[in-house]
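S.K.: Mind looking at a prediction? Sequence and model below.
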Amino acid sequence: MPEVVVIQHIEREGPGLLAAAVADRGWPLRLCRAWAGDPLPAADLAEVIVVVLGGPMGVADLDDPAHPWLAPTVELLRRRLALGLPCLGICLGAQLLAHAAGGTVLPLEVGDPPRPHREVGFGAITFTATASEEPVLAGLARSELVLHWHGDRVVLPPGATLLGSSLACPEQFFRIGSRAYGLQFHAEVTAAMLERWIDEDADFVRSALGSQGAGRIRADARRWLAAATPAWHRLIVNLLEELVRPSSG
């Protein structure tokens, strides 16, 4: 029975639907509140799935003394990738995972000439593979509605496999090796979590969507969140199943 260790960077960004899926399977989950000083797990634990969640900091903050756990988290991911051990990164976690594998994280830009863009709120991603090619996509439509909350993008490291893109951000979902996945988008968010994000991250929402942004996200959540959640749950379950599958290489 694997243990799921969830590395958390800020209190409001918790495991949400991921925790529920882990509990449904009867697996233990350990929350590592890295910002509060909890020790990171050892890198070589083979019976552990390491999940790295999101947060408002970024790869550019690796040397910032305000976030002393970020650089050790990257080193943890780098060692686990080298050992072929399971990792899952969500939003910031995906960026740290890509960086650990040799990728690059850049500000997200759109348009010609390019201008900074913050992708926030509900929007579609389209998968770039089929379920027969990538079992983690089983039971999902070719495009699914997800929640975006970021202003950076990943330039994938050599050997990574792109699995999904949005119109604004090509690198929304990727695999590194056979046992590490990165999700730039959010599939773990519950209604209560989203409401807290809107309140506590209000400046980021305004910068992305303007003064009416909070109301727009709330309206979209009323319309779409309940309908989108089953696909999010299915993706999370698929990811857990793939991460516990023995390595193919």
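M.R.: Arrived safely, thanks for sending.
S.K.: Which residue ranges of the chain form helices?
M.R.: For the chain, the helices defined by DSSP state H cover 17-24, 70-83, 92-100, 191-200, 202-209, 213-244.
S.K.: Which among those helices is found nearest to L145?
M.R.: Across the helices of the chain, L145 has its closest neighbour in helix 213-244 (4.6 Å, Cβ to Cβ). Any C-beta I mention is one placed from the backbone N, CA and C, and that applies to glycine too.
S.K.: now that closest one: mean pLDDT?
M.R.: For helix 213-244, the mean per-residue pLDDT is 98.
S.K.: what is the orientation angle of it with helix 17-24?
M.R.: Computed by axes from the mean of the first three to the mean of the last three Cα atoms, to 10 degrees, the angle separating helix 213-244 from helix 17-24 equals 40 degrees.
S.K.: Go through helix 213-244 and flag the buried ones.
M.R.: Residues of helix 213-244 classed as buried under the neighbour-count rule (16 or more other Cβ atoms under 10 Å) are 213-214, 217, 220-221, 225, 228, 231-240, 242-244.
S.K.: List the residues that contact the residue sitting nearest the centre point of the chain.
M.R.: Central residue of the chain (Cα atoms, centre = their mean): I90, 1.2 Å from the mean position. I90 is in contact with V51, V52, L53, G54, G182, L183, H186, A187, E188, counting by Cβ atoms under 8 Å, 6 or more residues apart in numbering.
S.K.: Kindly report the same for V154.
M.R.: Going by Cβ under 8 Å, 6+ apart, V154 touches A94, Q95, A98, G103, T104, V105, E171, F174, G182, Q184.
S.K.: Quick check: nearest residue in space to the second one, chain neighbours excluded?
M.R.: Take Q95 and drop its neighbours on the chain: the residue closest to it by Cβ to Cβ, 6 or more residues apart in numbering is V105, 4.7 Å away.
S.K.: isn't the one you found right up against H99?
M.R.: Yes - using Cβ atoms under 8 Å, V105 is in contact with H99, at 5.9 Å.
S.K.: Same drill for those two, tell me which one is more crowded.
M.R.: Taking other Cβ atoms under 10 Å, V105 and H99 do not tie; H99 has more neighbours (22 against 19).
S.K.: Who's the closest spatial neighbour of that one, skipping the chain neighbours?
M.R.: H99 sits nearest to V59 (Cβ to Cβ, 6+ apart), 5.0 Å away.
S.K.: Please apply the same query to W149.
M.R.: The shortest distance from W149 to any residue other than its chain neighbours is 5.6 Å, reached at V120 (Cβ to Cβ, 6+ apart).
S.K.: pLDDT below threshold where in this structure?
M.R.: Filtered on pLDDT under 70, the chain yields the residue ranges 248-249.
S.K.: any shared contact partners between V105 and H99?
M.R.: V59.
S.K.: Spit out the contact partners of the residue nearest to L163 when sequence neighbours are not counted.
M.R.: Closest residue in space to L163, ignoring its immediate chain neighbours: F173 at 4.2 Å, by Cβ to Cβ, 6+ apart. Contact analysis of F173 by Cβ under 8 Å, 6+ apart lists I125, F127, L162, L163, G164, S165, Y181, G182, L183, Q184, F185.
S.K.: neighbours of P41, just the number please.
M.R.: Other residues near P41 number 16, with proximity taken as other Cβ under 10 Å.
S.K.: Now it. Its backbone dihedrals?
M.R.: With angles defined as degrees, to the nearest 10, P41 sits at phi -70, psi 160.
S.K.: wait, doesn't it sit right on V5?
M.R.: Yes - between P41 and V5 there is a contact at 4.7 Å, judged by Cβ under 8 Å.
S.K.: Overlap in contacts, the two.
M.R.: Joint contacts of P41 and V5 (Cβ under 8 Å, 6+ apart) are R30, C32, V48, V50.
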